[in-house]
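# compute the structure for the input listed below.
(one chain, ligands or ions: 1)
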Amino acid sequence: MMKCVPLLSRSQLHKSAGWLLTAVLLLLSTPLQALVLRGQLQQGGMVIGQTRAGVRIDLDGQPVRVNKDGHFVIGFGRSHPATALLTLRYPDGRLLKKRLVIVQRNYAIQRINGLPEKKVSPPPALAKRIHAEALQVKAARAYNTDLPWFFKPFIWPVTGPITGVYGSQRILNGKPRWPHYGVDVAAPMGTVVHAVAAGIVRLAHPGMYLSGATLVIDHGFGVSSSYLHLSKILVHVGQRVRQGQAVAKVGSSGRVTGPHLDWRINWFKTRLDAALVAGPMPDTKTAN
Ligand SMILES: [Zn+2]
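As a prediction, this is how the structure comes out:
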């Protein structure tokens with residue numbers, strides 16, 4: 001039977017039992033090489049790992065932050081190949097290379113042809129603004145804060161019908177658009193948005209062209225959450241927030257058709273599937 005080194009207290013584990021049902025547990029047998037991975041080994045998944053103190057880790061050749069207790073986090077993007085290479089370097093110099101199998105997913109692809117060209121490409125002046133705003137979001141997601149807020153299971157920021165999913169993509173006149181990386185949850189204008197985990201606010205922008213009022217919260221180790229199309233932001237850059245804190249209100253700012261929350265989880269540049277990472281949405285009256 002597999003043995004798991006718990007990363008959470010018993011009560012936290014109990015609370016997250018549903019989430020753990022989808023978790024993958026992996027333990028390498030020799031005690032000196034102990035490695036436990038918990039999460040989703042699939043495209044869009046986030047995996048929390050634990051190994052021995054002092055071990056250095058690379059994922060696909062990139063160094064991964066490991067804390068003094070041997071805890072770390074890794075994530076897999078929308079198009080991650082079918083395997084990933086995790087390299088562990090032990091303090092005594094031994095090297096362990098572990099090939100991880102990453103489950104491949106199918107995404108909804110919608111092809112629309114015969115559209116007028118101006119509906120497909122933004123005018124150059126707008127393209128410049130969109131690019132500048134994307135750089136601000138990128139910078140907000142680049143923090144590598146040594147605080148482990150992401151170890152605690154995430155909560156949903158709002159509840160309601162899911163109207164958009166991770167990974168879907170439209171191909172307009174044969175040109176692939178950016179895939180949709182968020183989870184869209186329909187909710188009335190002004191509905192309170194809760195922080196999915198504790199963290200530090202890194203971006204609180206009142207109005208970007210595409211995403212409208214946009215909030216990014218840093219949860220440590222490169223894990224961040226983004227909240228788009230808000231009508232109001234209730235926190236400021238640099239502010240510490242706790243899990244569940246009211247941080248914003250649902251809106252329809254930016255390029256949208258109606259009020260909803262588009263929320264995302266990122267691991268540095270890698271966009272993860274927030275619905276997968278947070279687990280099933282809790283039952284609510286509004287979710288009918
Ligand atoms: Zn969306």
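# get me the contact residues on this structure for the ion.
Contact residues, the chain versus the ion (CB under 5 Å from the ion): 164, 182, 184, 262. Every residue, glycine included, has its C-beta placed from N, CA and C.
# which among those end up buried?
182, 184, 262 (16 or more other CB atoms under 10 Å).
# now these in TSV, with secondary structure and pLDDT?
Shown next, in TSV, are those (DSSP: H, G, I helix; E, B strand; the rest coil; pLDDT from 0 to 100):
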residue	secondary structure	pLDDT
182	coil	95
184	strand	96
262	strand	97
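# whichever residue of the stretch 1-150 of the chain sits closest to the ion: what's it in contact with?
Closest residue of the stretch 1-150 of the chain to the ion, CB to the ion: residue 108 (13.2 Å). Applying CB atoms under 8 Å, 6 or more residues apart in numbering to residue 108 gives the contacts 165, 167, 168, 169.
# those residues in strands, which ones?
Judged by DSSP state E, those include residue 169 as members of strands.
# for residue 81, state which of the contacts of residue 108 is nearest.
residue 167 (15.4 Å; CB to CB).
# I'd say residue 150 and residue 73 touch.
Yes: between residue 150 and residue 73 there is a contact at 6.1 Å, judged by CB atoms under 8 Å.
# anything in contact with each of the two?
What both residue 150 and residue 73 touch, as defined by CB under 8 Å, 6+ apart, is the set 46, 48, 221, 223.
# check what pLDDT the second one gets.
Put plainly, it is residue 48. We have a pLDDT of 95 for residue 48.
# hang on, isn't it packed against residue 39?
Yes: contact criterion CB under 8 Å: residue 48 and residue 39 qualify, at 5.6 Å.
# neighbour-wise, which of these two wins?
residue 39 (23 against 20; other CB atoms under 10 Å).
# confidence score at that one?
Residue 39 is given a pLDDT of 94.
# any idea which element the residue nearest to it when sequence neighbours are not counted lies in?
Leaving out its chain neighbours, the residue that sits closest to residue 39 by CB to CB, 6 or more residues apart in numbering is residue 47, at 3.6 Å. Here residue 47 sits within strand 46-50, counting by DSSP states H and E.
# I'd like the next helix or strand past that strand.
From strand 46-50, the next helix or strand downstream (DSSP H and E) is strand 56-59.
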